[in-house]
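1. fold the following and give me the result.
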Amino acid sequence: MIYLVAAVIFVLLLWIISTYNFFVSTKARIKASIQEIGNQLKRQADLIPNLESSAKAYLKHEKGIFDSLAEARKAVESAVKSGNVQEMADAGSKLAAILPKIQVVMESNPEIKGSEVITKLMDELRDTSDKVMYARRLVIDLTADFNVKRASFPSNLVAAIFGFQEQPGLITPLEGEHIEVKGEDLKTPQVNL
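-> This is a model prediction of the structure:
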């Protein structure tokens with residue numbers, strides 16, 4: 001009988017240690033993902049002056065894009081300095097929204113489209129933007145896993161004993177166009193080759 005009780009206690013201790021380690025490691029991974037968002041945004045902000053100086057000669061009449069880029073770069077630098085994950089995510093979204101506009105201008109201007117330097121800078125900005133999006137997705141997933149385990153029984157007992165608090169993650173508005181599915185979104189795309 002004593003062996004059975006010892007085995008149950010041993011299994012219980014293993015489960016507590018495992019659950020505790022989950023909370024600690026997930027919290028560390030959330031922090032690392034937030035730092036990755038900041039690093040990639042800083043890289044984007046560093047690439048923008050090069051893009052501006054390379055493209056200015058071609059795009060003298062597109063002053064609005066340069067103003068938007070400068071504004072986005074300032075927002076990114078400010079957000080990275082603050083260390084606030086929500087500000088970083090918002091600044092990254094602002095910058096990501098400008099990239100398609102630049103792409104349209106590039107495609108409509110054969111001189112700039114043929115510039116290898118500008119094409120490479122745009123590729124690096126897009127690549128960095130994808131990395132920011134991946135890091136944001138990782139923060140969202142890790143935060144959800146952490147908070148679900150923190151609220152679920154019996155792991156909520158371990159969270160309460162060791163004082164693990166709910167992780168805020170990224171805040172997304174609960175209403176708006178980003179959560180609406182339109183009829184066009186449900187149609188199968190037609191591909192003509």
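2. when you work out contacts or count neighbours from here on, use the C-alpha atoms and nothing else.
-> Noted.
3. now do stretch 4-13: distance to the chain's middle.
-> Offset of stretch 4-13 from its chain centre (Cα atoms, centre = their mean, to the nearest Å): 42 Å.
4. kindly export it (C-alpha atoms) in PDB.
-> Once non-C-alpha atoms are left out, stretch 4-13 reads as follows in PDB (Å, rounded to 0.1, in the frame of the first residue of the first chain):
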ATOM      1  CA  LEU A   4       1.100   2.800  -4.200                       C
ATOM      2  CA  VAL A   5       0.800   6.000  -2.200                       C
ATOM      3  CA  ALA A   6       4.500   6.800  -3.000                       C
ATOM      4  CA  ALA A   7       3.900   6.200  -6.700                       C
ATOM      5  CA  VAL A   8       0.900   8.500  -6.700                       C
ATOM      6  CA  ILE A   9       2.800  11.300  -4.900                       C
ATOM      7  CA  PHE A  10       5.700  10.800  -7.300                       C
ATOM      8  CA  VAL A  11       3.400  11.100 -10.300                       C
ATOM      9  CA  LEU A  12       1.800  14.200  -8.800                       C
ATOM     10  CA  LEU A  13       5.100  15.800  -8.200                       C
END
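5. mind checking the pLDDT average for it?
-> For stretch 4-13, the mean per-residue pLDDT is 93.
6. could you count how many residues lie near residue 17?
-> Neighbour count of residue 17, defined by other Cα atoms under 10 Å: 12.
7. element containing it?
-> helix 2-55 (DSSP states H and E).
8. next SSE downstream of that helix?
-> Remark: after helix 2-55, the chain's next helix or strand is helix 63-82, criterion DSSP H and E.
9. and the contacts of that next one?
-> Contact partners of helix 63-82, identified using Cα atoms under 8 Å, 6 or more residues apart in numbering, comprise 38-39, 41-42, 44-45, 48, 52, 85, 87-88, 91-92, 94-95, 98, 101-102.
10. mind listing what residue 5 touches?
-> Not one residue lies near residue 5 by Cα under 8 Å, 6+ apart.
11. how close does it sit to residue 11?
-> 10 Å (Cα to Cα, to the nearest Å).
12. on that earlier part again, filter the contacts of helix 63-82 to the buried ones?
-> 38-39, 41-42, 44-45, 48, 52, 85, 87-88, 91-92, 94-95, 102 (16 or more other Cα atoms under 10 Å).
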